[in-house]
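Q: predicted model, plus sequence, below.
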Amino acid sequence: MADYVAAIDQGTTSTRFMLFDHSGSEVARHQLEHEQILPQAGWVEHDPVEIWERTSSVIQSGMNKANVSADDIAALGITNQRETTVVWDKNTGKPVYNAIVWQDTRTDKIASKLERDGHGDTIRTKAGLPPATYFSGGKIQWILENVDGVRERAEAGDVVFGNTDSWLIWNLTGGTDGGVHVTDVTNASRTMLMDLETLEWDDELLALFDIPRAMLPEIRSSSDPEGYGTTLRNGPAKGEIPLTGILGDQQAATVGQVCFDVGEAKNTYGTGNFMLLNTGTELVRSEAGLLSTVCYKFGDEDVVYALEGSIAVTGSAVQWLRDQLGIISGAAQSESLAKQVDDNGGVYFVPAFSGLFAPYWRSDARGAIVGLSRYNTNAHLARATLESICYQSRDVAEAMEKDSGVKLEVLKVDGGVTANELCMQIQADVLGVEVSRPVVAETTALGAAYAAGLAVGFWNNTDELRENWNEAKRWSPQWDDEQRDEGYAQWKKAVERTLDWVDVD
């Protein structure tokens, strides 16, 4: 048997290729960033061609680093930034427009009109999602309505849609020469177009967005023994590797954190924050502003659902300090700068750059820094930025407890921001629960590898995966209840100041 399983992690700011061995340990990786295109306020785009080129490059470099060939790799899994929408011509292979990123808010009028016209409850009931700029359906509609000639080509079957998982698989398996057009249930559940109970594209939902069914990829399991095709001998892997796993990034992290039991939760700290709670085969409908979503589906087994709290801006708020304000030179400096002060000095920063996601769902909100005085310094702003990550996660954790009745006892964390130890200590303080980081922090790529490896028997079952999980560090709360309650009350006041800033028709 081959010695490794590979994963492509196509994220919001970068794409990486990783190799894992049977113990779930990282063997090699290569990662490249791609451009963030910001044409106007609220618009966020990526170049799909650049993403494909970066993907090809990281596969080649990662395999070269490890000195492995395609024959050494049992299977390849893909995980991806969900909701980011690519529409391309299947005859030419060229995108008809840039990818519209999940953070993009240009579809706010589409979302608000659906709500105003009384269709919000239909979308919530069938798709488990509120009408929001976040999801793919409105982005597809916007492209169909605003890019000349695309609707006609789509109705003729020439133009197709996918999130970035579908775009990469189509290119990896041949592109214009027989590329496979598929997605998995987790990505499909983020479109506002799939019925959560049937796991199929829904005609009523498609009609609400006026999207031709012919545009959509085939929906498959997240871990599929039949596979979605193989990489090409003349492709970046220089050989045939079975493609057998697809998971949206947050579901992949849930699998990577081995949250396979009902009530287990994880929080991923990346560009945004995403907390998922496994609800098992029961579809729990949120009353507190969370999303009902597919957690994973392995082969022919029953689908497993989750409650999700999605937060748009967390790690990207640190990136904003670096790129737009220039007060830090790198993400790591946010920790050393914030450590210069003992508290936030009364400053609260609500980074509602793309409105507020869970549990508020307010596209009219915009970012605000409140509580400033002459006393405050850039260190206080850095501290407030880290605290904003943690307070937004508390908002979601409280909503999750209301919906599920499950009180959080330990929070499993992963993602790039978890390298910031001050931020993780603040998270424990703000929540009042212990925070646990695993040895392999890149659980998103690991989860995609697990899905792919399970499909081909590289791992026999999820019990084997549990044995691979090991804790690297744990943080315990240091604040008392009074300090915790006072800080959260001030945070809620700050959130109120961000609302009703943008007029949404």
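A: Alright, I've got the coordinates.
Q: which residue ranges of the stretch 251-400 of the chain form helices?
A: Applying DSSP state H, counting those that start in this stretch to the stretch 251-400 of the chain gives helices spanning 315-320, 333-338, 378-404.
Q: cool, the stretch 51-200 of the chain as well?
A: Under the criterion DSSP H, counting those that start in this stretch, the stretch 51-200 of the chain contains helices at 108-116, 120-127, 136-146, 150-155, 164-172, 185-188.
Q: so which of those helices is nearest Tyr269?
A: Tyr269 lies closest, by C-beta to C-beta, to one member of the helices of the stretch 51-200 of the chain: helix 185-188, at 19.4 Å. Glycine gets a C-beta too; all of them are placed from N, C-alpha and C.
Q: Tyr97 and Val147 touch, don't they?
A: Yes - here Tyr97 reaches Val147: they are 5.1 Å apart, a contact under C-beta atoms under 8 Å.
Q: name the residues contacting each of these two.
A: Counting by C-beta atoms under 8 Å, 6 or more residues apart in numbering, the common neighbours of Tyr97 and Val147 are Val87.
Q: which of the two has more neighbours?
A: Neighbours were counted for Tyr97 and for Val147 using other C-beta atoms under 10 Å; Tyr97 has more, 17 against 14.
Q: residues contacting that one?
A: Taking C-beta under 8 Å, 6+ apart as the test, what Tyr97 contacts is 87, 143, 147, 150.
Q: what's the most distant pair in those residues?
A: Spatially, the most separated pair among these is Val87 and Val147, at 8.0 Å (C-beta to C-beta).
Q: joint contacts of the two?
A: Taking C-beta under 8 Å, 6+ apart as the criterion, Val87 and Val147 both touch 96-97.
Q: so which residues of the stretch 201-350 of the chain form strands?
A: Here the stretch 201-350 of the chain has its strands, by DSSP state E, counting those that start in this stretch, at 218-220, 243-248, 265-269, 273-280, 291-296, 304-311, 348-350.
Q: name the helices or strands packed onto the third one?
A: Pointing back at strand 265-269 there. When contacts are defined as 3 or more C-beta pairs under 8 Å, 6 or more residues apart in numbering; DSSP states H and E, strand 265-269 sits against helix 249-256, strand 273-280, helix 378-404, strand 410-414, helix 443-456.
Q: show me how far the first one is from its chain's centre.
A: Read that as helix 249-256. 9 Å (C-alpha atoms, centre = their mean, to the nearest Å).
Q: can you give me the mean pLDDT across it?
A: Average pLDDT, helix 249-256: 94.
Q: and the contacts of that helix?
A: The contact list for helix 249-256 (C-beta under 8 Å, 6+ apart) reads 9, 11, 77, 79-82, 186, 222, 247, 266, 268, 270, 274, 276, 278, 293-296, 306, 308, 310, 414-415, 440, 442-448, 450-451, 465.
Q: point me to the residue sitting farthest from the middle of this structure.
A: In the chain, the residue that sits farthest from the middle, by C-alpha atoms, centre = their mean, is Arg374; the gap is 38.1 Å.
Q: how close does that one sit to Glu115?
A: Distance of Arg374 to Glu115, computed by C-beta to C-beta, to the nearest Å: 43 Å.
Q: burial measure for Glu464, as a count.
A: 17.
Q: hang on, it in a strand?
A: No - going by DSSP: H, G, I helix; E, B strand; the rest coil, the assignment for Glu464 is helix, not a strand.
Q: which residues touch it?
A: So Glu464 contacts nothing (C-beta under 8 Å, 6+ apart).
Q: now swap in Leu337 and tell me
A: For Leu337, the contacting residues are 327-328, 378-379, 382, by C-beta under 8 Å, 6+ apart.
Q: now render these as JSON lines, adding pLDDT and distance to Asn460.
A: Listed next are those as JSON lines, based on pLDDT from 0 to 100; distance: C-beta to C-beta, whole Å:
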{"residue": "Ile327", "pLDDT": "90", "distance to Asn460": "50"}
{"residue": "Ile328", "pLDDT": "90", "distance to Asn460": "46"}
{"residue": "Asn378", "pLDDT": "94", "distance to Asn460": "52"}
{"residue": "Ala379", "pLDDT": "95", "distance to Asn460": "51"}
{"residue": "Ala382", "pLDDT": "95", "distance to Asn460": "46"}
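Q: which of those residues ranks first by neighbour count?
A: Neighbour counts for the contacts of Leu337, by other C-beta under 10 Å, peak at Ala382, which reaches 27 neighbours.
Q: ok, now how distant is it from His46?
A: Note on Ala382: its distance to His46, by C-beta to C-beta, is 28 Å.
Q: same check on Arg374?
A: The gap separating Arg374 from His46 is 41 Å, by C-beta to C-beta.
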